[in-house]
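1. give me a model of this one.
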Amino acid sequence: MRKIKFTLLLAVSLLSATSFAQEIERLDERIDTLSNEVETLDKIVRNLSKFKVSAYIQGQYQYGQKDATLKVGDSNENPEKGFNRIGIRRGRMKFAYDDGIGTGAVQIEVNDKGVSFRDLYIGVKDPWTKRNQLMAGVFNRPFGHEVTFSTSSLESPERATVIQYFFPDERDLGAMLSLRTPIESPLNFLRLDAGVFAGNSINRETDNRKDFIGRLGASKNIGKDMQWGLGFSYYNGSVYNPTSTAFEMEDKHFRPVDKGKTGSFMKREYFGLDAQFSLLSAMGKTELRAEGLWGTQPGITTSSRSPNYSSRPTNLEENALYARPFLGYFFYFIQDIGSSPFSFVLKYDAYDPNTKIKGDEVGREESLTHSADLAQSTVGVGALYRFSKHIRLQCYYEFNSNETSDSVIGYEKDRKDNVLTVRLQYKF
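-> Coordinates of the predicted model:
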């Protein structure tokens, strides 16, 4: 009887030990499985952290005097009265992937004019310092400070006039090299951006010519509360002239130049200086920015804007190019109101498309000049209110002035073209 009990006890013990061993084995398997799952999830999270999505939407109301041009909605249906419009000024979404060495980005825009793209580029950094980069595709031109300044952060509704005229869409198709010294270098505050571009904005290339654009910039912090920046920019390119005649300024008039053939090119050359300064104090953050551009800009007789054709213009008289010596400059003063969400904005913006001719000299028949040769300036006053880091309300009034000439119809006196803008922006 004792032998039977002992045998049963031994059998139960063996079964229990076997069962316990199996449980241990299954637990080890579950731990291994869980460890593999955690490792897989960690890889997924790391890869997802390289992928970024950002966007902002700007809805706005604008009121303009009878001669104004608004950025949303259609033109004035009653040229004798002021008018107002509402619309989506910008709706942009950017997708970017950065693995530390390579970068790829696509940005699209949706507004009341339709759907288009803005950024479409790839970038490759050096694997040692990761401070030098080669970019190719469609991206911001490396000229000045404001061209690359995001419109989601801009304190005025639009960029300065000369920037809008000479850098449509701010972007261009090309390739650019960015160079910076290692972070340990005493020259680490310098940056050189230089590249070759099609010169046709975001539109497809239409000729064999390439434009050079470069900027040497410097920026540095002084303690925790002060920062400064400086930059010099240079643009050397050309514009396609479809006619056999081009026009150059000589004294107070345009002189026709026989090119001998259709399809020649006229040189466009810009020089630029920019400066930035900011100070944090008990009054809040104070920021000053200034930028100036000068040089030669070819445009048609009725416009000094930089051509950005999607196809080559035809051999028609109105498409002939006029080379204008220009000057454009602008200043910003932005003052945060202490630690409140309010900011005050003051901006002065001036653009003279033809510095060799003034006032009543413009528009005379012998000068071959037009309203496109008249200077203009804007004083902008505005305020910003930040509900949160995502939501911003902007109110801004522009006092627009233009050079007058008795020889240009519609410009005998200052035009009524002041504009009020109220914009609500959501950014994420």
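2. every contact and neighbour count from this point should use C-alpha atoms.
-> Noted.
3. list the neighbouring strands of the helix or strand hosting residue 235 plus their orientation.
-> Under the criterion of DSSP states H and E, residue 235 resides in strand 226-241. Partners of strand 226-241 in the sheet, by DSSP bridges, are strand 211-222 (antiparallel), strand 264-281 (antiparallel).
4. buried residues, the last one. List them.
-> When neighbours are counted by 16 or more other Cα atoms under 10 Å, the buried residues of strand 264-281 are found to be 264-266, 268-280.
5. please apply the same query to the shortest one.
-> Along strand 211-222, these residues count as buried under the neighbour rule (16+ other Cα under 10 Å): 211-219.
6. for it, list the C-alpha coordinates in PDB.
-> Listed next in PDB are the C-alpha coordinates belonging to strand 211-222 (Å, rounded to 0.1, in the frame of the first residue of the first chain):
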ATOM      1  CA  ASP A 211      20.100  81.500 -64.500                       C
ATOM      2  CA  PHE A 212      22.600  81.700 -61.600                       C
ATOM      3  CA  ILE A 213      21.300  82.600 -58.200                       C
ATOM      4  CA  GLY A 214      23.400  82.800 -55.000                       C
ATOM      5  CA  ARG A 215      23.400  84.200 -51.500                       C
ATOM      6  CA  LEU A 216      26.100  84.500 -48.800                       C
ATOM      7  CA  GLY A 217      24.400  84.800 -45.400                       C
ATOM      8  CA  ALA A 218      25.400  85.200 -41.800                       C
ATOM      9  CA  SER A 219      23.300  84.900 -38.700                       C
ATOM     10  CA  LYS A 220      24.300  84.700 -35.000                       C
ATOM     11  CA  ASN A 221      22.800  84.800 -31.500                       C
ATOM     12  CA  ILE A 222      24.100  87.300 -29.000                       C
END
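7. distance from the chain centre to that strand, please.
-> How far strand 211-222 lies from its chain's middle: 16 Å, per Cα atoms, centre = their mean, to the nearest Å.
8. need the three-state assignment for residue 163.
-> helix (DSSP: H, G, I helix; E, B strand; the rest coil).
9. quick revisit: let me know the average pLDDT across the strand holding residue 235.
-> What strand 226-241 shows for mean pLDDT is 96.
10. C-terminal to it, what's the next element?
-> Counting by DSSP H and E, the element after strand 226-241 in chain order, helix or strand, is strand 245-250.
11. could you give the angle of the next helix-or-strand element following that next one to strand 245-250?
-> Next helix or strand after strand 245-250 toward the C-terminus (DSSP H and E): strand 253-258. Angle, strand 253-258 to strand 245-250, by axes from the mean of the first three to the mean of the last three Cα atoms, to 10 degrees: 140 degrees.
12. in strand 253-258, what counts as buried?
-> 253-255.
13. tell me the secondary structure for the residue nearest in space to the middle of the chain?
-> Central residue of the chain (Cα atoms, centre = their mean): residue 148, 4.3 Å from the mean position. Counting by three-state DSSP, the backbone at residue 148 sits in coil.
14. how about it, what does it touch?
-> Neighbouring residues of residue 148 by Cα atoms under 8 Å, 6 or more residues apart in numbering: 140-142, 170.
15. about what we covered before: need the buried residues of strand 211-222 in CSV with distance to residue 112, can you?
-> Listed next are these as CSV, based on distance: Cα to Cα, whole Å:
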residue, distance to residue 112
211, 32
212, 33
213, 32
214, 34
215, 34
216, 37
217, 36
218, 38
219, 38
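16. what is the nearest of the residues you listed to residue 297?
-> residue 211 (13.3 Å; Cα to Cα).
17. residues contacting that closest one?
-> Listed by Cα under 8 Å, 6+ apart, the contact set of residue 211 reads 196-199, 235-238.
18. list buried residues within these.
-> If we count by 16+ other Cα under 10 Å, those have these buried: 196-199, 235-238.
19. closest one of the residues you listed to residue 318?
-> Using Cα to Cα, residue 238 comes nearest to residue 318 of those, at 18.6 Å.
20. I'd like to know how far the spatially closest residue to the closest one that is not a sequence neighbour sits from residue 331.
-> Computed as Cα to Cα, 6 or more residues apart in numbering, the closest residue to residue 238 that is not its neighbour in sequence is residue 267, at 4.3 Å. Distance, residue 267 to residue 331, using Cα to Cα, to the nearest Å: 28 Å.
21. one more: residue 293?
-> In terms of Cα to Cα, residue 293 sits 12 Å off from residue 331.
22. can you give me the helices in the chain?
-> 2-49, 161-166 (DSSP state H).
23. among those helices, show the one with the smallest mean pLDDT.
-> Among the helices of the chain, helix 2-49 carries the lowest mean pLDDT (a mean of 63).
24. want to throw the contacts of residue 211 into a markdown table with distance to residue 166?
-> Listed next are the contacts of residue 211 as a markdown table, based on distance: Cα to Cα, whole Å:
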| residue | distance to residue 166 |
| --- | --- |
| 196 | 17 |
| 197 | 14 |
| 198 | 14 |
| 199 | 11 |
| 235 | 11 |
| 236 | 13 |
| 237 | 12 |
| 238 | 13 |
